[in-house]
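Engineer: After the sequence you'll find the predicted model.
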Amino acid sequence: MKKILIHTEYIELQNVLKKSGIIFTGGEAKIFLKENVVYVNDEQENRRGRKLYPGDQVKVNNEIYLIEKEC
(Lines give C-alpha, C1' and ligand atoms only; values in the text may rest on other atoms or scores of the structure.)
Protein backbone atom coordinates (compact mmCIF):
# COMPACT_ATOMS: atom_id res chain seq x y z
CA MET A 1 0.00 0.00 0.00
CA LYS A 2 1.31 3.41 -0.98
CA LYS A 3 0.41 6.66 0.74
CA ILE A 4 -0.73 9.86 -0.96
CA LEU A 5 -0.17 12.78 1.40
CA ILE A 6 -2.39 15.85 1.08
CA HIS A 7 -2.20 19.32 2.63
CA THR A 8 -5.84 20.21 1.92
CA GLU A 9 -9.20 18.87 3.11
CA TYR A 10 -9.58 16.62 0.04
CA ILE A 11 -7.95 15.66 -3.26
CA GLU A 12 -9.66 14.83 -6.54
CA LEU A 13 -9.23 11.39 -8.08
CA GLN A 14 -7.47 12.79 -11.16
CA ASN A 15 -4.86 14.39 -8.89
CA VAL A 16 -4.29 11.08 -7.07
CA LEU A 17 -3.64 9.46 -10.45
CA LYS A 18 -1.17 12.25 -11.30
CA LYS A 19 0.62 12.12 -7.91
CA SER A 20 1.00 8.37 -8.21
CA GLY A 21 2.56 8.70 -11.69
CA ILE A 22 -0.18 6.72 -13.45
CA ILE A 23 -1.06 9.70 -15.66
CA PHE A 24 0.76 12.95 -16.32
CA THR A 25 -2.00 15.46 -17.14
CA GLY A 26 -5.57 16.00 -16.01
CA GLY A 27 -6.75 15.47 -19.59
CA GLU A 28 -5.44 11.92 -19.52
CA ALA A 29 -7.65 11.13 -16.52
CA LYS A 30 -10.88 11.03 -18.51
CA ILE A 31 -9.44 8.56 -21.03
CA PHE A 32 -7.71 6.49 -18.34
CA LEU A 33 -10.93 6.12 -16.33
CA LYS A 34 -12.85 5.01 -19.43
CA GLU A 35 -10.28 2.34 -20.31
CA ASN A 36 -9.34 1.08 -16.82
CA VAL A 37 -11.13 -0.08 -13.69
CA VAL A 38 -10.53 2.10 -10.64
CA TYR A 39 -12.00 1.47 -7.20
CA VAL A 40 -12.50 3.99 -4.41
CA ASN A 41 -13.23 2.32 -1.08
CA ASP A 42 -14.02 -0.94 -2.93
CA GLU A 43 -16.60 0.71 -5.24
CA GLN A 44 -15.91 1.19 -8.94
CA GLU A 45 -15.39 4.87 -9.78
CA ASN A 46 -15.13 6.69 -13.11
CA ARG A 47 -15.53 10.34 -12.08
CA ARG A 48 -12.20 12.11 -12.31
CA GLY A 49 -13.42 14.89 -10.02
CA ARG A 50 -14.42 12.53 -7.20
CA LYS A 51 -13.33 14.10 -3.92
CA LEU A 52 -11.19 11.85 -1.74
CA TYR A 53 -10.61 12.48 1.94
CA PRO A 54 -8.05 11.15 4.43
CA GLY A 55 -8.74 7.47 5.04
CA ASP A 56 -10.06 6.82 1.53
CA GLN A 57 -8.39 4.09 -0.53
CA VAL A 58 -7.93 3.99 -4.29
CA LYS A 59 -7.20 0.68 -6.03
CA VAL A 60 -5.83 0.85 -9.56
CA ASN A 61 -3.60 -1.54 -11.53
CA ASN A 62 -3.50 -3.95 -8.53
CA GLU A 63 -1.99 -1.21 -6.34
CA ILE A 64 -3.69 0.43 -3.36
CA TYR A 65 -3.19 4.09 -2.51
CA LEU A 66 -4.21 5.43 0.90
CA ILE A 67 -5.08 9.12 1.24
CA GLU A 68 -3.52 10.66 4.36
CA LYS A 69 -3.43 14.19 5.73
CA GLU A 70 0.08 15.57 6.08
CA CYS A 71 0.61 17.41 9.34
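Structural biologist: Perfect, thanks for sending it. Because the structure is predicted, anything quoted here is derived from the model rather than measured. Residues are numbered from 1 along each chain as shown.

Engineer: give me every residue that touches Lys59.
Structural biologist: Val38, Tyr39, Val40, Asp42, Tyr65 (C-beta atoms under 8 Å, 6 or more residues apart in numbering). (Glycine included, C-beta is placed from N, CA and C.)

Engineer: Go through this structure and flag its longest helix.
Structural biologist: As assigned by DSSP state H, the longest helix anywhere in the chain is helix 26-35.

Engineer: about what we covered before: so which of the contacts of Lys59 are in helices?
Structural biologist: Checked against DSSP H, the contacts of Lys59 include nothing in helices.

Engineer: What helices and strands are in contact with the strand ranked longest in the chain?
Structural biologist: In the chain, with assignment by DSSP state E, the single longest strand is strand 63-69. Judged by 3 or more C-beta pairs under 8 Å, 6 or more residues apart in numbering; DSSP states H and E, strand 63-69 is in contact with strand 2-6, strand 57-60.

Engineer: If you count neighbours, what's buried in the longest one?
Structural biologist: By neighbour count, and taking 16 or more other C-beta atoms under 10 Å as the criterion, the buried residues in strand 2-6 are Ile4, Ile6.

Engineer: what do you get for the shortest one?
Structural biologist: Taking 16+ other C-beta under 10 Å as the neighbour-count basis, strand 57-60 is seen to contain the buried residues Val58, Lys59, Val60.

Engineer: same question, stretch 19-37
Structural biologist: Counting neighbours by 16+ other C-beta under 10 Å, stretch 19-37 gives Ile22, Ile23, Ala29, Phe32, Leu33 as buried.

Engineer: pLDDT and distance to Gly49 added to these, as a markdown table?
Structural biologist: What follows is the buried residues of stretch 19-37, written out as a markdown table (pLDDT from 0 to 100; distance: C-beta to C-beta, whole Å):
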| residue | pLDDT | distance to Gly49 |
| --- | --- | --- |
| Ile22 | 95 | 16 |
| Ile23 | 95 | 14 |
| Ala29 | 93 | 9 |
| Phe32 | 96 | 14 |
| Leu33 | 96 | 10 |
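
Engineer: Tell me which helix or strand in this structure has the weakest average pLDDT.
Structural biologist: helix 26-35 (a mean of 92; mean pLDDT, DSSP states H and E).
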